[in-house]
Structure formats: C-alpha cells, structure tokens
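1. Let me see the structure of the following:
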Amino acid sequence: MVWSRQRKTFFLLSGILGMLLVILVNFSPLLGAKAAEPKVLPAIAQRPAQATANCNQKTASPSRYQVIGNADTVQWGYFSKKSPPVVAVHSKDYVTMDLVTHHAGDDYERMIQGDPGIESIYRWTATEKGVKERGPGVHVLTGPVYVCDAEPGDLLEVKIVDLKLKPSGNPKYPGKTFGSNAAAWWGFHYKNLAQEPKPREVITIYEMDATGKQKWAKAAYSYKWTSQTTPDGKSHATIDYPGIVVDHGKVKETVNVLSGVKVPLRLHIGAMGLAPKEADVVNSIPPGYFGGNIDNRHVAAGTSMYYPVSVPGALFSAGDAHAAQGDSELDGTAIETTLIGTFQFVLHKQAKLAGTILDKVDYPLLETPDSWIVHGFTFRNYLAELGAEAQTKIFQLSSLDPALKDCSTKLRDFLMNGMNLTEDEAYSLMTVSGDFAITQVVDGNWGVHGIIPKAMFDSKKVKAKPIA
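-> Prediction:
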C-alpha cells in the first residue's frame with residue numbers, strides 16, 4: 001500500500017515534469033534560445049493517411065522532417081502519381097532525406113554493409129526482396145513528398161539547402177564514402193572502344209573523405225564486369241538489372257587506377273522531380289517536363305529547381321546522387337554515391353505567377369546564385385508526343401539536334417518574358433553570352449542546357465519573382 005501511494009506520487013511528478021519540458025521546448029524564445037529555428041520533427045516513414053494528415057497541422061514557422069532511406073521510403077525505378085507519400089509538407093517546410101545510389105551493389109562491403117537502411121533496400125534472397133518492385137527504370141528514389149495545396153498549374157520551387165556525403169556504414173572504413181562509375185553498355189562510348197577486349201563494361205570504385213576535409217575523389221580500384229547470377233537464378237552477362245550485388249570472387253580487381261589523379265568533388269543530384277500526369281508508372285531514366293533524371297552537374301547545394309506541378313500534391317522524389325560528373329555523362333554514369341540532401345519546398349500558386357519572371361515556365365528551370373539554366377530535351381514532353389509506346393520509343397529516337405532547338409526556344413521565351421526582350425534581342429544575347437552544354441547523352445530523351453548569367457541585366461528591367 002505504501003509503494004502504491006509512492007508510485008502514484010512518482011507518476012504524478014513525472015507527468016508534471018514532462019509537461020514542463022514540453023512547454024520549455026515550445027516556448028524556447030522565452031529562454032533566449034534560437035527563436036528563428038524551425039521546429040524539428042522526428043525521423044519518419046509515414047503511411048498515406050498519416051502523411052497527408054500533416055496538411056491540417058500547419059505551424060507558424062517552417063517544420064523540419066527527416067526521411068531515412070530504407071525499403072519503406074523509396075521507389076525503385078519509377079515516378080508515379082499513384083505512389084503513397086512518405087511525408088507531407090507545407091510551403092517553406094524542410095525535408096532531409098537519404099539519396100541512396102542504385103550502384104551500391106558494385107561494392108557491397110564499402111557501399112551497403114553496416115547501413116541498416118541501405119541493407120534493407122538491397123536485401124534479396126531466394127525468397128524475398130527488400131524492395132519488391134524494381135523497374136522499369138533503375139534509380140532508387142526517396143519519396144514521394146506530398147506538398148500540401150499543390151495543384152496542377154502551380155510551380156514548385158525546390159531549394160537544395162545542403163548536400164553531404166553519407167559515410168560508409170562499415171566500421172572497417174571510418175570517415176570514408178565510396179562511389180561507383182560504371183562504363184556500361186548504355187554509354188555513348190560503348191561502340192567506340194579502341195582496346196581489347198571489345199565490348200566490355202568496367203566498374204571503377206572511387207574513395208572520398210566523408211568528413212569534408214578533402215574535396216576530391218580518388219580511384220580505389222576497377223574491374224571488368226563478368227556474368228553475375230542473382231538470387232532468382234538468372235545470369236546477367238551485362239549490367240541489365242538494377243541492384244545486382246556483384247560477387248567479387250568472380251571479378252579481377254585492378255589497383256593503381258588513375259594513380260596520382262584527384263577528381264574534384266561536384267556533389268549534385270542526378271534525378272529529382274515530380275510525378276507526371278500522363279501515366280501511372282513512369283520510367284525513371286528519361287527526363288522530361290516534370291524533371292526526373294536530368295543529370296545536370298549544376299543541380300547542387302545553393303541552387304533552386306522549379307518544376308511545373310501536374311498532379312495534386314506534386315509528389316516530389318529524388319535520388320541518383322553524384323559525387324562528380326562532367327557534362328554529357330559520357331560512359332553511362334557519374335561517380336554514383338549516396339548523399340544526404342536537405343531541401344526546402346516553396347509553392348508558387350498559379351494565380352501569382354502572372355507578370356513575374358516565372359510566368360509561362362512549364363519546364364525544369366534551375367536557378368544558381370549567378371545564372372539561370374534552362375533544360376531542353378529531344379522531346380519536350382515525350383510521354384504525350386510519342387503516344388502509348390512513349391516509354392519504349394524514347395530510347396530509340398533520342399538526338400541532340402531537337403534537344404538544342406528545344407533548349408534555345410525555351411531560353412528565348414524565358415528572356416522575352418522575364419527580361420522584356422524582343423525576339424531579336426533574345427537571340428543576339430543568347431549567342432554572344434549564353435552557354436549551351438550537353439547535359440547527358442545516356443538517358444533517353446537526351447538533354448541540352450542553356451546558361452545565361454544574371455549579372456548582365458539591369459535589375460530594374462528584370463521581372464520580380466512571385467511572392468510565395
């Protein structure tokens with residue numbers, strides 16, 4: 001009986017103490033704490049009903065969410081308007097998420113082992129897969145993120161606040177991150193090999209410093225792809241299925257590769273975008289008006305991507321993280337690695353776009369601190385233009401000529417609308433000061449991007465951005 005009274009008193013005092021702590025956390029400005037800091041919410045992997053319920057819980061200041069990359073928070077190989085969201089956010093909220101590479105299987109020990117989330121994604125035995133559906137594309141995409149109040153016709157600004165290397169989970173490699181470059185059969189170089197054996201696919205594993213002290217990658221070793229057998233008993237003579245875990249007992253590793261060479265890090269995101277409206281499941285490989293696998297090395301921390309919204313909630317997903325890549329992604333991949341990315345979502349409603357610099361933007365537009373970058377493709381909207389077989393035909397019809405035409409047309413229109421130029425002025429300025437580069441030639445719907453510097457313009461003649 002004595003212990004019963006004591007226990008009641010203990011629980012009562014504990015409850016009071018807990019309430020006091022909650023009050024102190026929520027009213028930290030009274031204590032001189034960081035009043036401007038958004039409320040940090042716990043890591044989540046929510047189910048649909050829970051995720052969209054956030055839309056009814058808007059707070060005065062932006063909220064912060066974290067999505068850990070695991071088998072429950074990724075979709076492998078596709079964007080889809082039917083995918084249940086992992087989290088819902090309001091305009092100006094932040095999300096930190098793991099961007100897990102689909103090439104981690106090239107070196108399980110360095111890129112998967114010891115990280116429970118990545119291990120769950122790649123789990124594959126004779127009886128189960130961590131992620132059951134793989135394809136029709138290849139990329140591991142974290143998401144989707146549901147943006148409350150986003151509707152078709154709106155424009156979603158995705159600010160890349162931060163990108164950092166995710167350290168290897170294997171204690172054998174403390175402070176290290178690894179990445180893979182696959183010179184593969186889909187690479188532009190594949191039919192232009194000079195040395196024997198021909199053809200061949202070669203994997204080069206790169207090592208990086210996850211602490212951030214060293215800003216370069218160095219090659220650790222390489223190996224030629226040999227036929228691999230997956231747990232379902234199938235043989236893979238080439239890299240023809242996403243997430244194959246390579247048996248290193250079947251390959252010969254070559255060390256001292258690129259000896260003395262330091263590759264400058266260019267952390268960026270290869271594939272991120274919104275769910276398109278044209279199909280329920282859209283291959284993650286070809287990019288389009290909705291974003292997706294654009295593979296532009298400029299999509300980095302400190303930049304913003306603008307995407308046209310075509311389905312309710314926008315449904316943003318991201319993956320295909322890169323440590324470094326040159327324009328064109330020539331041999332098939334960048335240095336594919338796993339990053340941790342922090343994003344802020346800013347929703348621009350359609351009604352507020354008229355008369356602003358973003359009016360009529362219905363394509364992926366990148367803003368860097370000093371430039372505007374417009375993205376053009378072989379087909380502006382291949383899903384609509386190529387009909388029922390679009391997701392097959394796009395790989396057969398890609399070309400750079402129409403991609404340059406699409407890009408230059410978009411940049412012309414952007415300058416005419418946003419900077420109040422005539423068509424003749426726009427073409428002259430694009431020619432004498434714009435840079436057009438090959439974004440990629442390996443994804444289907446090949447890409448060209450046009451870069452125009454901001455510093456040239458008198459700010460008084462440039463239209464303002466919409467107020468979010």
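2. Specify the beta-bridge partners of the spatially most central residue of the chain.
-> What sits nearest the mean C-alpha location of the chain, by C-alpha atoms, centre = their mean, is residue 318, with 3.1 Å. With DSSP bridges as the criterion, residue 318 is bridged to residue 142, residue 272.
3. what's it in contact with, if anything?
-> Going by C-beta atoms under 8 Å, 6 or more residues apart in numbering, residue 318 touches 97, 99, 141-143, 269, 271-273, 341, 343. Where C-beta positions appear, they are placed from N, C-alpha and C, glycine not excepted.
4. one more time with 7 Å, if that's ok
-> By C-beta atoms under 7 Å, 6 or more residues apart in numbering, the contact set of residue 318 is 97, 99, 141-143, 269, 271-272, 341.
5. next one: residue 69
-> Taking C-beta under 7 Å, 6+ apart, we find residue 69 in contact with 97-98, 100, 117-118, 121, 142.
6. swap the cut-off to 8 Å and go again
-> Residues in contact with residue 69 (C-beta under 8 Å, 6+ apart) are 97-100, 117-118, 121, 140, 142, 338.
7. and if you look at residue 294?
-> 270-271, 273, 287, 364, 375, 439-440, 447 are the contacts of residue 294 under C-beta under 8 Å, 6+ apart.
8. still on that earlier bit, quick check: the residue nearest to the centre of the chain vs residue 100, distance?
-> Distance, residue 318 to residue 100, using C-beta to C-beta, to the nearest Å: 10 Å.
9. And the strands in the stretch 101-250 of the chain, which stretches?
-> Secondary structure of the stretch 101-250 of the chain (DSSP state E, counting those that start in this stretch): strands at 140-147, 155-165, 176-183, 202-209, 216-224, 228-229, 235-236.
10. Which of the ones you listed sits closest to residue 75?
-> Proximity to residue 75 (C-beta to C-beta) singles out strand 140-147 among these, at 5.2 Å.
11. Now do that closest one, average pLDDT.
-> Mean pLDDT, strand 140-147: 98.
12. tell me the angle that strand makes with strand 155-165.
-> Relative orientation of strand 140-147 and strand 155-165, computed by axes from the mean of the first three to the mean of the last three C-alpha atoms, to 10 degrees: 140 degrees.
13. Quick one: end-to-end distance for stretch 443-463.
-> In stretch 443-463, first residue to last residue: 34 Å (C-alpha to C-alpha, to the nearest Å).
14. chain center to it: distance?
-> Averaged C-alpha coordinates place stretch 443-463 at 21 Å from its chain's average position (C-alpha atoms, centre = their mean, to the nearest Å).
15. average pLDDT across that stretch?
-> pLDDT averaged over stretch 443-463 gives 96.
16. List the buried residues in that stretch.
-> For stretch 443-463, burial by neighbour count (16 or more other C-beta atoms under 10 Å) applies to 443-452, 457.
17. Filter the residues you listed down to the ones in strands?
-> Of the positions in the buried residues of stretch 443-463, 447-452 sit in strands, assigned by DSSP state E.
18. need the contact list for the closest residue in space to residue 212 that isn't next to it in sequence.
-> Excluding the flanking residues, the one nearest residue 212 by C-beta to C-beta, 6 or more residues apart in numbering is residue 164, at 7.1 Å. Residues in contact with residue 164 (C-beta under 8 Å, 6+ apart) are 210, 212, 267, 339-340.
19. neighbour-wise, which of those leads?
-> The most crowded member of the contacts of residue 164, judged by other C-beta atoms under 10 Å, is residue 339 (26 neighbours).
20. Now residue 258: closest residue in space that isn't a chain neighbour?
-> Leaving aside its sequence neighbours, residue 258 sits nearest to residue 219 (C-beta to C-beta, 6+ apart; 4.1 Å).
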